[in-house]
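S.K.: build me a model from this:
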Amino acid sequence: MRKSLLTVMMFGLILGTSYAQVQGGDGPGAGGPPDMSHPPQAMIDACKDKSEGDSCQVNTPMGDKSGQCTTKNNQLICLPADFPDRT
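M.R.: Okay, here's the model as predicted:
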């Protein structure tokens, strides 16, 4: 009985963690968009020596993405065209 309960608990933990990653939970490696209050350094570096509205390229976990230099929280960052949060 105890072994079955442990197996069920482990399965639930694995399933719950996988679901959170698919749903784009917050935090590093969770699969969701980055927290724009602290954008990844790659997004900042991609717009170094550029101006708002300039085109840019940024390396993301999903490959290189084309975007546009945009100001978020007083920081110029490269925001990919397919980024889910364009506000």
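S.K.: show the average pLDDT along stretch 64-74.
M.R.: The average pLDDT within stretch 64-74 is 94.
S.K.: how about that stretch, which residues are buried there?
M.R.: Using 16 or more other Cβ atoms under 10 Å as the test for burial, stretch 64-74 gives Lys65, Gly67, Gln68, Cys69, Thr70. Where C-beta positions appear, they are placed from N, C-alpha and C, glycine not excepted.
S.K.: and what of stretch 76-87?
M.R.: Neighbour counts over stretch 76-87 (16+ other Cβ under 10 Å) mark Leu76, Ile77, Cys78, Leu79, Pro80, Phe83 as buried.
S.K.: could you pull out the strands for the chain?
M.R.: All strands of the chain, identified by DSSP state E, fall at 55-60, 63-72, 75-80.
S.K.: among those, which is nearest His38?
M.R.: Closest of those to His38 is strand 75-80, at 9.3 Å (criterion: Cβ to Cβ).
S.K.: tell me which strands the closest one pairs with, and in which orientation.
M.R.: Under the criterion DSSP bridges, strand 75-80 sits next to strand 63-72 (antiparallel) in its sheet.
S.K.: next, the angle strand 55-60 makes with the strand it pairs with.
M.R.: 120 degrees (axes from the mean of the first three to the mean of the last three Cα atoms, to 10 degrees).
S.K.: list the residues that contact Pro80.
M.R.: Val58, Thr60, Lys65, Ser66, Gly67 (Cβ atoms under 8 Å, 6 or more residues apart in numbering).
S.K.: any idea what the second one is bridged to?
M.R.: Legend: beta-bridge partners of Thr60 under DSSP bridges are Gly63.
S.K.: next, count neighbours for it.
M.R.: 16 (other Cβ atoms under 10 Å).
S.K.: just checking, Asp64 touches Ala42?
M.R.: No. If you go by Cβ atoms under 8 Å, Asp64 and Ala42 don't touch, sitting 10.2 Å apart.
S.K.: so for the two, which residues contact both of them?
M.R.: Between them, Asp64 and Ala42 share the contacting residues Val58, judged by Cβ under 8 Å, 6+ apart.
S.K.: how does this structure divide into domains?
M.R.: As given by automatic domain parsing, the domain ranges for the chain are 1-32, 33-87.
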